[in-house]
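Asker: sequence first, then the predicted structure:
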Amino acid sequence: MTESLLELVTGALVLAGAFFFLAGTAGLLRFPDVYCRLHALTKADNLGLGLISLGLALQAPDWTTRIQILLIWLLALAAAATVCHLLARSSLREGVPAVGVDTEVDP
């Protein structure tokens, strides 16, 4: 009984994570400017990866594997935040306008 409940929770977490990845992709395709697209991808994909990582950690055989999954997730969080910041800053410096914003920001 416990294993089937654990597999059910794992499946639900992985499906929820896949949903957030899909939502991030939809945001990439639908949002009007680079800044909104970066926001959608960073937030949705980080949450999606977190849910998938949690689901995988529940199925991991030992604590070392769980810690490795956690470290991979943390590394992906740091990498996504860094890349998003670099892309947004580069876009801002190049003068890429944000949709609906009339004021110019001096980087």
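Answerer: Looks like it arrived, so ask away.
Asker: in the helix or strand that contains Leu29, which residues are buried?
Answerer: For Leu29, the host element (DSSP states H and E) is helix 2-30. Residues of helix 2-30 classed as buried by neighbour count (16 or more other C-beta atoms under 10 Å): 10, 13-14, 16-17, 20-21, 23-24, 27. From N, CA and C alone the C-beta is placed, and that goes for glycine too.
Asker: go on, stretch 67-79?
Answerer: So for stretch 67-79, counting by 16+ other C-beta under 10 Å, buried means 69, 73.
Asker: C-alpha coordinates for it, CSV please?
Answerer: Provided in CSV are the C-alpha atoms of stretch 67-79 (Å, rounded to 0.1, in the frame of the first residue of the first chain):
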residue,chain,number,x,y,z
ILE,A,67,21.4,14.9,-2.0
GLN,A,68,22.8,14.7,-5.6
ILE,A,69,19.3,15.4,-7.0
LEU,A,70,19.0,18.4,-4.7
LEU,A,71,22.4,19.7,-5.7
ILE,A,72,21.6,19.3,-9.4
TRP,A,73,18.4,21.3,-8.9
LEU,A,74,20.2,24.0,-7.0
LEU,A,75,22.9,24.2,-9.7
ALA,A,76,20.1,24.5,-12.3
LEU,A,77,18.5,27.3,-10.3
ALA,A,78,21.7,29.3,-10.0
ALA,A,79,22.4,28.8,-13.7
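Asker: now stretch 86-103: mean pLDDT?
Answerer: When pLDDT is averaged along stretch 86-103, the result is 82.
Asker: got the buried residues for it?
Answerer: Buried residues in stretch 86-103 (16+ other C-beta under 10 Å): 87-88, 91-92, 98.
Asker: so which of these sit within helices?
Answerer: Within those, residues falling in helices by DSSP state H are 87-88, 91-92.
Asker: which ones are touching Pro97?
Answerer: Contact analysis of Pro97 by C-beta atoms under 8 Å, 6 or more residues apart in numbering lists Asp33.
Asker: and it, how far from Pro32?
Answerer: Distance of Pro97 to Pro32, computed by C-beta to C-beta, to the nearest Å: 10 Å.
Asker: who's in contact with Ala26?
Answerer: Ala40.
Asker: begin at 34 from here
Answerer: From this message on, residue numbering opens at 34, which makes the last subject Ala59.
Asker: fine by me, we can end here.
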